[in-house]
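>>> Need the 3D shape of this:
(chains A and B)
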Amino acid sequence: MDPKTYKFDTLSLHAGYQPSKNAGSRQVPIYQTTSYMFDDVDHAAALFNLERGGHIYSRMSNPTVQVLEERVCALEGGTAALATASGMSAIFLTIMTLCNAGDHMVVSSQLYGGTVNLFRLTLPKFGIKTTFVKPRDTEGFKKAIQPNTKGIFGELVGNPGNELMNMPEVSNIAKEAGIPLIIDSTYQTPYLCRPFEHGADLVVHSLTKWMSGNGSSMAGILVEGGTFDWMQNDKFPSMTEPYEGYHGLSFAEEFGPTAFTMMARAEGMRDMGPCLAPQNAWNILHGLETLSLRMEKHCSNALKMVEYLSNHESVAWVSHASAPGHPDKELAKKILPKGTGSMIAFGIKGGKEAGAAFINNVKLASHLANVGDARTLVIHPASATHSQMDEATLKFAGLSHDMIRLSVGLEDFEDIVNDFEDGFRAAKKPRLVANK
Amino acid sequence: MKFKVRGIDTFASTGGRPFDKNKPLIIFVHGSGLSHMVWVLQTRYFAFRGYSVLAVDLPGHGLSSGESLKTIEEMGNWVGDVIGAVGCKEASLVGHSQGCLVTMECVAQHPEKIKTLTLMGGASAIPMNPELLRLAEESNPKAVDLMMDFAHGPAGHFGGHPVPGLYHLNVGSMIVQNKEIKDTLGVDFRACDNYKNGPEVAKKLDLPTLSILGAQDRMCRLKDGKILADYIKGSEVKIIEDCGHMMLLEEADQTLEILKKFIAEHYPLPS
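Sure thing, here's the model as predicted:
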């Protein structure tokens, strides 16, 4: 006897939506509206006071966005989700729901540059400080925890260096300290890894990337695992104590496994308002329908690319968890059994100058500040995505000036290789000139 | 709020309002392995409309201490004791699934205390599938997955919850899994399986009673819910189409609307 609940591919097409409640529309309708009619005064009061479900104003929730939230939640195995205007706003909303002024976070040092800036420069303005720890330094996460630490945050596979955080072990450290583990799982998508199954409590995504795959729309999401007991200690008073904004409501007491998301929506969306446009939610939903198919091809192309780059005379080093000698290979087998994703970092011989020549001379690969598009993308992080970091921070984050970040797309592999050969040929020229 | 019943720390949600023993009391009783959290889309409404609400966690469940009670009769008696423990003399009861058996038993044992009874997804007996019972008693998480599968109707499996962002299949699952499965779900399933007094108790009930049934209920099938309602003198029956066993989550709004009308008619606020 086995449960007949729907599985991953079915959920990616159907979760969160019932055509019978939407005029029989097979496709999810775009509810392009700001606000929603109340039945009567009593109905309005009940909605405003979280006594019943429903929509009030599209800053707080929207029926099209709601389908996306439920669908991603179902795919991640979570209890509740909240979509946002971008991945960065999902992270900001999460931290602002979790922390108060005077609190502290322990954060992996290998992150998207914008996330580094948020923790290093912006959150201190709100009195929230951060200690950065290298992703492989599992004991370092433990040592960095202070009495006022409210959570551990990290990307499972760090951007751009592809170092893995040992999520199960860091989760144990977080559990021991009575704080949640928050994982940015953008690189993996739930197809490659469902972090709640490895001890994460909250997951954030930039849906702009692989989840949509089409590079058309910005979006982010916070997903709650329902695993964290907010009442286990006195570290989270805003979750456990009466909240004045809703007549003394205790979110943890009332909403249990969905408490964090309820609060992030009721307070964070209400007050900060980084809501997702319904058109963008619809675009992301379209991408989700083919998530499995795309991720399989992304991963198979990436494996071929790792082999090609590892054997290329112009490449100094390759970082991908499938690459020969990658220090996290065994960990990746355990937590990423379906594939290690399509992000590759490699060092080009000739350093920054060669890297610039390479990027300027590839034609099929797009030079831009995004990852996870269906198309192959390249960038030189030290001069672009991570350019606002100083030398010391770059070094601590594992970035070198010869590093090229590659997001492998879905094109025919031979076409990507032919394009790269043009890039490598151009990258050799400045060196040949220098050698003379 | 926390209070003591028979000396044991007991938790009940008061729907976000301070408990007031002078207001009419409605007690909500959850189903097997669950907790007060399943009632949030019904309790807050009444709590902010002049009633005192207690969505109790049965002993050993949710935030209540102690060990799970082993029989439906014990649970029914315990709910009766809750009324006195909070300083009240009477209450209306609302039960879901196993909570229907428990609330019926409570009425049978404390008829003078109970003013109305609402049964959601009920039946006069809830015999358990032997394999499901075994899995629950072995703390096998598959028992929870099977329960969530059976408990939700075809539409519920797709989602589309009235509360934006909630994926309620996993919400129910997490509520159960936050406790040791064999100590809550296992004990509850065994208690349901052992309980044989349902028909006799139902035939003796003599109070305003409402049965809310899901047309697609696979845990307590619609026909079994109707049979139970037929046993109860004058019982109202409301059927929610395209809904499974978890009507309080799957079709929370419809469930609340039906309950509101019943409570307003049979257990009105003092004028």
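
>>> And the strands in chain B, which stretches?
B:2-5, B:8-13, B:25-29, B:52-56, B:91-96, B:114-120, B:209-214, B:236-240 (DSSP state E).

>>> How far off centre is the longest one?
The chain centre lies 10 Å from the centre of strand B:114-120; the measure is C-alpha atoms, centre = their mean, to the nearest Å.

>>> For chain A, which of the strands of chain B is the nearest?
Chain A lies closest, by C-beta to the nearest C-beta, to one member of those: strand B:8-13, at 6.2 Å. To be clear about C-beta, it is placed using only N, CA and C from the backbone, and glycine gets the same treatment.

>>> Same list, the strands of chain B, but as CSV with mean pLDDT please.
Listed next are those as CSV, based on pLDDT from 0 to 100:
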stretch, mean pLDDT
strand B:2-5, 96
strand B:8-13, 96
strand B:25-29, 98
strand B:52-56, 98
strand B:91-96, 98
strand B:114-120, 98
strand B:209-214, 98
strand B:236-240, 98
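
>>> now the ones you listed as a markdown table including distance to residue A:13?
As requested, those are exported to a markdown table (distance: least, C-beta to C-beta, whole Å):
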| stretch | distance to residue A:13 |
| --- | --- |
| strand B:2-5 | 45 |
| strand B:8-13 | 36 |
| strand B:25-29 | 36 |
| strand B:52-56 | 36 |
| strand B:91-96 | 31 |
| strand B:114-120 | 31 |
| strand B:209-214 | 25 |
| strand B:236-240 | 26 |
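
>>> Any chance of JSON lines for the ones you listed, columns mean neighbour count?
What follows is the strands of chain B, written out as JSON lines (neighbours: other C-beta atoms under 10 Å in any protein chain shown):
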{"stretch": "strand B:2-5", "mean neighbour count": "14"}
{"stretch": "strand B:8-13", "mean neighbour count": "20"}
{"stretch": "strand B:25-29", "mean neighbour count": "27"}
{"stretch": "strand B:52-56", "mean neighbour count": "27"}
{"stretch": "strand B:91-96", "mean neighbour count": "27"}
{"stretch": "strand B:114-120", "mean neighbour count": "25"}
{"stretch": "strand B:209-214", "mean neighbour count": "26"}
{"stretch": "strand B:236-240", "mean neighbour count": "18"}
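
>>> Switch those strands over to CSV; also include distance to chain A.
Below are the strands of chain B laid out as CSV (distance: least, C-beta to the nearest C-beta, whole Å):
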stretch, distance to chain A
strand B:2-5, 10
strand B:8-13, 6
strand B:25-29, 13
strand B:52-56, 9
strand B:91-96, 16
strand B:114-120, 16
strand B:209-214, 15
strand B:236-240, 13
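
>>> Tell me who's in contact with residue A:99.
Applying C-beta atoms under 8 Å, 6 or more residues apart in numbering or on different chains to residue A:99 gives the contacts A:105, A:123, A:128, A:150, A:151.

>>> Could I get the phi/psi values of the residue in the stretch 151-271 of chain B positioned nearest to chain A?
In the stretch 151-271 of chain B, the residue that lies nearest chain A is residue B:162 (3.0 Å; C-beta to the nearest C-beta). Note on residue B:162: backbone dihedrals following degrees, to the nearest 10 are phi -60, psi -30.

>>> before we move on, the earlier item: so which of the strands of chain B comes closest to residue A:14?
Closest to residue A:14 of the strands of chain B, according to C-beta to C-beta: strand B:209-214, at 20.4 Å.

>>> Check which helices and strands that closest one is in contact with.
Where contact means 3 or more C-beta pairs under 8 Å, 6 or more residues apart in numbering or on different chains; DSSP states H and E, strand B:209-214 is packed against strand B:114-120, helix B:222-231, strand B:236-240, helix B:247-250, helix B:252-266.

>>> how is chain A carved up into domains?
A:8-287, A:292-435 (automatic domain parsing).

>>> residues in contact with the nearest residue to residue B:181 once chain neighbours are set aside?
Nearest residue to residue B:181, sequence neighbours excluded (C-beta to C-beta, 6 or more residues apart in numbering or on different chains): residue B:139, at 4.2 Å. By C-beta under 8 Å, 6+ apart, residue B:139 lies in contact with B:180, B:181, B:182, B:186.
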